[in-house]
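A.B. asks: predicted model follows, preceded by the sequence.
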Amino acid sequence: MTRSGRKNRAVMLARYPRLGEVKTRLVPPLSAEEALALHSRLARHTLQSLLALQAGGDARAEVRTDAAFARVAYDWLGRGFSASYQGEGDLGDRLRLAFGEWFARGAEGVVVVGSDCPRLTAAHLREALACLESADVVLGPAEDGGYYLIALGREASKRSVPVLFSGVAWGTPSVLDRTTAICREHGLRWVLLERLPDVDRPEDIADAERVLANAILPPDARVSVIIPALDDAELVGAAVASAWSAGACEVLVVDGGSRDRTREAAEAAGARMLSSSPGRAVQMNAGAAQAAGEILLFLHADTLLPRDAAELARASLLVPGTVAGAFAFALPDTARFGGLISALGRWRAVLTGHPYGDQGLFVSARTFRELGGFPEMPAMEDWEFVARLRRLGRVAVLHQRAITSARAWECNGLVRATLVNLAAVAAYRVSVDPARIARWRTNATGRHSTPGSAPSERGDGTR
């Protein structure tokens, strides 16, 4: 959780599911039981976006219900968030209470959403918090004339909270217009986000069902393999071939400006070539943006996947509670000290549950997008991304091996390569600047980076 994230709050207002008391305007065509089930599915779907925001360090998540006891919300929706009572009165009273309480506790920015906007994502929440740097009020317009999101900043909260929620005819098509009129009357700067549909009318059901269905990983999910490369002509062809053999639906190689024959080698092996600025995180995010698969598998250019890796990834992600996974770390059998290094790497990943980037990390495309992709930093992007995943759920480490080139150890020796890697992780965990870690690691290892590291921009000698 970043320093700014500790001071932000993301709040979902949700009615506790009681038969005959939720989504009553959808009955008919739905039965009361079907409306109840849809209400719960929508709430869980929305909560996942709040939890992704929290996992990324942008804000802490809270659920406010009309149930007096917090444990009721936990019984309904699980754990991982704080829960509280949303208060009495109309929607305006409940919004005023939520904002007032959090600003009184020192929050810098607070974003509040309902539970029935299935197209809401963590990206909308991040955008809302970012807009508070230049606006007093951020609104997410709903297609029915209301809003699915409202965010307020601390600086203007003494002016905004007392006035925004009074004199509004809640549940009518005039809510958004009346709110912006209040902003204008009181000199509040406001920003509108993307307009989205919520689920209040029978005609909203079909779209909601499509969105909810698409959020569930299908048993035949396609696996896109994404390979960042930079001057990897000698290795990338084998990595691409291993991805095809592993059952990938597509293999995307994202080149960061190679000056050797990396592009030709990757294309000869059947990869689709993309280009981006150098930097492993930047390259992997660029590949993910173009990938078609429901599962994304990130493979280093010097690593070979095990056979059936795509099926293994699918099976792992279909296990409840598992949000990502990776394969066992291994060096080629012919590498000096290969058996020892491989064993140490496997035990480290199993004991910590924190695999490195050179183990073929895989994750659903939806989870990847909700987390905002890899943080674009000059080092430790894989470590940070896995840390965020672990806040969402289990990261599985499979026993099948991904074979990584031994070049880091061959260039730097067993002791130096291992110690540099451990020192980089330790430095990052005590908040040393990743740019400083990247520079230090380059000086310590020369041209070849340590396992699991990220290449920085060309010129500093790292890979």
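C.D. replies: Thanks, I have the structure now. Numbering: from 1, shown residues only.
A.B. asks: show residues contacting the longest strand along the chain.
C.D. replies: The residue-count maximum for a strand in the chain (DSSP state E) belongs to strand 394-404. For strand 394-404, the surrounding residues in contact (CB atoms under 8 Å, 6 or more residues apart in numbering) are 299-300, 302-306, 308-309, 312, 316, 319, 321-332, 342, 349-350, 353-355, 358-360, 386, 389, 451. (C-beta placed from N, C-alpha, C; glycine too.)
A.B. asks: which neighbours does that strand have in its sheet, and in what orientation?
C.D. replies: Here strand 394-404 has these sheet partners by DSSP bridges: strand 303-304 (antiparallel), strand 322-330 (parallel).
A.B. asks: what residues does the shortest one touch?
C.D. replies: Meaning strand 303-304. Counting by CB under 8 Å, 6+ apart, residues outside strand 303-304 touching it are A238, A239, S242, D358, Q359, G360, A402, I403, T404, S405.
A.B. asks: the fifth one contacts F327, doesn't it?
C.D. replies: Yes - judged on CB atoms under 8 Å, Q359 makes contact with F327 at a distance of 5.3 Å.
A.B. asks: just to revisit the earlier point, out of the contacts of strand 303-304, which is most surrounded?
C.D. replies: Greatest neighbour count in those, by other CB atoms under 10 Å, goes to G360: 32 neighbours.
A.B. asks: in stretch 144-151, what counts as buried?
C.D. replies: Neighbour counts over stretch 144-151 (16 or more other CB atoms under 10 Å) mark D144, G146, Y147, Y148, L149, I150, A151 as buried.
A.B. asks: part of a strand, is the fourth one?
C.D. replies: Yes - Y148 forms part of a strand when assessed by DSSP: H, G, I helix; E, B strand; the rest coil.
A.B. asks: so who does it touch?
C.D. replies: Y148 sits in contact with V113, G114, C117, L120, G140, P141, A142, L196, D198, where contact means CB under 8 Å, 6+ apart.
A.B. asks: how far away is the second one from L188?
C.D. replies: For G114, the distance to L188 equals 21 Å [CB to CB, to the nearest Å].
A.B. asks: who has more neighbours out of those two?
C.D. replies: Neighbours around G114 and L188, counted as other CB under 10 Å, are more numerous at G114. The numbers are 24 against 19.
A.B. asks: redo the contacts of Y148 as JSON lines? Include distance to M12.
C.D. replies: JSON lines is the format used below for the contacts of Y148 (distance: CB to CB, whole Å):
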{"residue": "V113", "distance to M12": "6"}
{"residue": "G114", "distance to M12": "7"}
{"residue": "C117", "distance to M12": "10"}
{"residue": "L120", "distance to M12": "10"}
{"residue": "G140", "distance to M12": "13"}
{"residue": "P141", "distance to M12": "18"}
{"residue": "A142", "distance to M12": "15"}
{"residue": "L196", "distance to M12": "15"}
{"residue": "D198", "distance to M12": "13"}
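A.B. asks: dump the residues you listed to CSV, plus distance to D66, secondary structure and pLDDT.
C.D. replies: Below are these laid out as CSV (distance: CB to CB, whole Å; DSSP: H, G, I helix; E, B strand; the rest coil; pLDDT from 0 to 100):
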residue, distance to D66, secondary structure, pLDDT
V113, 16, strand, 98
G114, 13, coil, 97
C117, 19, coil, 97
L120, 21, coil, 98
G140, 22, strand, 98
P141, 25, strand, 98
A142, 21, strand, 97
L196, 24, strand, 97
D198, 18, coil, 95
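A.B. asks: pull out the buried residues from the longest strand of the chain.
C.D. replies: For strand 394-404, by 16+ other CB under 10 Å, it's R394, V395, A396, V397, L398, R401, A402, I403, T404.
A.B. asks: quick one, strands of the stretch 101-250 of the chain?
C.D. replies: Here the stretch 101-250 of the chain has its strands, by DSSP state E, counting those that start in this stretch, at 109-113, 137-141, 147-153, 190-192, 223-229, 250-255.
A.B. asks: any idea which of the ones you listed gets closest to I295?
C.D. replies: strand 223-229 (4.5 Å; CB to CB).
A.B. asks: partners of that closest one in the sheet?
C.D. replies: As assigned by DSSP bridges, strand 223-229 forms pairs with strand 250-255 (parallel), strand 295-298 (parallel).
A.B. asks: I205: which of those is closest?
C.D. replies: strand 295-298 (28.4 Å).
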